[in-house]
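K.L.:
Predicted model, plus sequence, below.
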Amino acid sequence: MTQSDTATVALARGGDSEAFRALVERHSRAVYRLAVRMTGSPQDAEDVVQETFLKAYKQLGRFESRANFGTWLHRIAVNCSIDLIRARAHRETGHDTPDLEELGAAADAGTRGHVSPERLMLSAEVQARVQAAMDGLSPMERAAFALRHFEGHSIDEISRSLGLKTNATKHSIFRAVRKMRIALEPLV
Amino acid sequence: MSVIHLNDDDLVLHYYGEMDGETEAGASAHLSACAACRERYAKLQRVLAAVETLPEAAVDEGFERMVWARLEPALDGRKNSGWSRWPTFSPVRLAWAAALVAVVASAFVAGRVWDRPGPEPAAAEASAKDLRERLLLVDLADHLDRSQMLLVDLASARTSGEIGSERARAQDLLASTRLYRQTAASAGDTALADLLDEMERVLVDVTAGAAAADPDASRQRVDSLLFKVRVVSSTLRERQKAAFRMRAGQSS
Ligand SMILES: [Zn+2]
């Protein structure tokens, strides 16, 4: 953690709201980006940001001053994202079914036959594919895959965070990778 | 050499370094020996490298300000809930009391404190402000309670020599009494301002340790003040309860 974080956290713990504001300004983007990856929704991610900082504020007294504030906050943000995903899952049951064939058909229709090598090089096209594939993940697949692929968490860690058995986590990740393959193999 | 090829899931675990030592050694050995699996693995690497190109979510200019604007009222609410537990007067408490002047004044003017519980505000911002006001009023009630307890002890003290601990408590209460009195006066609540003014005079005397020239008159003064504080304090409590019941009824 940066020296300024250490000092700022100490001030914020003492009740200095300007110091807490500085921490919010320094870290809210990273929390938001993590939350977008985990939830797949900018609106949900904004809620996660709010909830993360509220929790951090409440638990600041329990923060070990030798720990890394960013890491600590990251853990809170992951948990808040998971809480939100769970809450959404309760409301939107049935949304969790994978739709591999449809996704694959879309990928084929978009690429087969009339794809020039130049077009393959277009990262915009690849990015759009990745985004579409991410959007096609179920909430649990997305959370597990985002934590493994983008955040570099181990499957064991992810299982603990998500409250899943190791095998269930593995299979969520496998399904997510399969969807990425179907969407991207024609392009790469 | 193993003739069992690596399946897709094995390749994923290998990619993320999630195989245990022995399995990992076997997979690596197989990959270096099997061209077919090597090609499938290269394909997986390309796919997952492409996933890496997913851009970070776009963040608007002023995002941090927006976050803070939404966050701050909620933080205030949580922080305020701790205020009434502060045991004694302190510089922090003094700063809080100064902030209270504006808030309580507006509540007095709106007639919300003394006449009726205000309408339920719709916006989150309004309810955070409302919460702050209610918490501050709880503190005013606490202040009156502590004043009341001090007056009870003063009334039962027989000589000025017995009021050592009361002096310290009077000192604690003095500055906040003054601020509440100024608030009430500027809000036009003369009854409360007069009461607090009377309170302040008693506190000043107690703090100064001035021996009463006329002990009977002094006791009468304390008794009369005690009676008034009890009336205002219980009225305040009743109004808080009524406001609470009304809000609870509205939100259910
Ligand atoms: Zn093989």
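P.N.:
Right, received. Where do you want to start? Residues are numbered from 1 along each chain as shown, chains lettered A, B, ... in the order given.

K.L.:
residue contacts, the residue of chain A at minimum distance from the ion?
P.N.:
Using CB to the ion, the closest approach of chain A to the ion is made by A:Arg181 at 17.7 Å. Backbone N, C-alpha and C define where each C-beta goes, glycine included. By CB atoms under 8 Å, 6 or more residues apart in numbering or on different chains, A:Arg181 lies in contact with B:43-44, B:47.

K.L.:
Name the nearest of the residues you listed relative to A:Gly70.
P.N.:
The nearest member of those to A:Gly70, counting by CB to CB, is B:Val47 at 29.9 Å.

K.L.:
Just to check, the closest one is in contact with A:Glu185?
P.N.:
Yes - with contact defined as CB atoms under 8 Å, B:Val47 counts as touching A:Glu185 (6.1 Å).

K.L.:
Who has more neighbours out of these two?
P.N.:
B:Val47 (22 against 16; other CB atoms under 10 Å in any protein chain shown).

K.L.:
Same question for whatever helix or strand A:Leu34 lives in: list its buried residues.
P.N.:
Using DSSP states H and E, A:Leu34 sits in helix A:17-39. For helix A:17-39, the neighbour count (16 or more other CB atoms under 10 Å in any protein chain shown) marks A:19-24, A:26-39 as buried.

K.L.:
can you list the residues that contact stretch A:134-148?
P.N.:
A:34, A:37-40, A:78, A:81-82, A:85, A:88-89, A:95-99, A:103, A:153-155, A:157-158, A:161-162, A:164, A:169, A:172-173, A:175-177, A:179, A:183, B:16, B:54.

K.L.:
what about burial for the residues you listed, which qualify?
P.N.:
Applying 16+ other CB under 10 Å to the contacts of stretch A:134-148 flags A:34, A:37-40, A:78, A:81-82, A:85, A:103, A:153, A:155, A:157-158, A:161-162, A:164, A:169, A:172-173, A:175-177, A:179, A:183, B:16, B:54 as buried.

K.L.:
Filter the residues you listed down to the ones in helices?
P.N.:
A:34, A:37-39, A:78, A:81-82, A:85, A:103, A:155, A:157-158, A:161-162, A:169, A:172-173, A:175-177, A:179, A:183 (DSSP state H).

K.L.:
Grab the nearest non-local neighbour of the most centrally placed residue in chain A.
P.N.:
Nearest residue to the geometric centre of chain A (CA atoms, centre = their mean): A:Met38, 2.4 Å. Leaving aside its chain neighbours, A:Met38 sits nearest to A:Ser81 (4.0 Å; criterion: CB to CB, 6 or more residues apart in numbering or on different chains).

K.L.:
Pretty sure the one you found sits against A:Tyr32.
P.N.:
No - A:Ser81 lies out of contact with A:Tyr32 (CB under 8 Å); the separation is 10.8 Å.

K.L.:
Which residues are in contact with each of those two?
P.N.:
Listed contacts common to A:Ser81 and A:Tyr32 are A:Val48; contacts here mean CB under 8 Å, 6+ apart.

K.L.:
So what's the residue count around A:Asp156?
P.N.:
Neighbours of A:Asp156 (other CB under 10 Å): 11.

K.L.:
For it, report the pLDDT, please.
P.N.:
For A:Asp156, the model assigns a pLDDT of 97.

K.L.:
What of B:Ser106?
P.N.:
For B:Ser106, the predicted pLDDT is 49.

K.L.:
Give me the below-cutoff pLDDT ranges for chain A.
P.N.:
Along chain A, the model assigns pLDDT under 70 to residues A:1-3, A:90-122.
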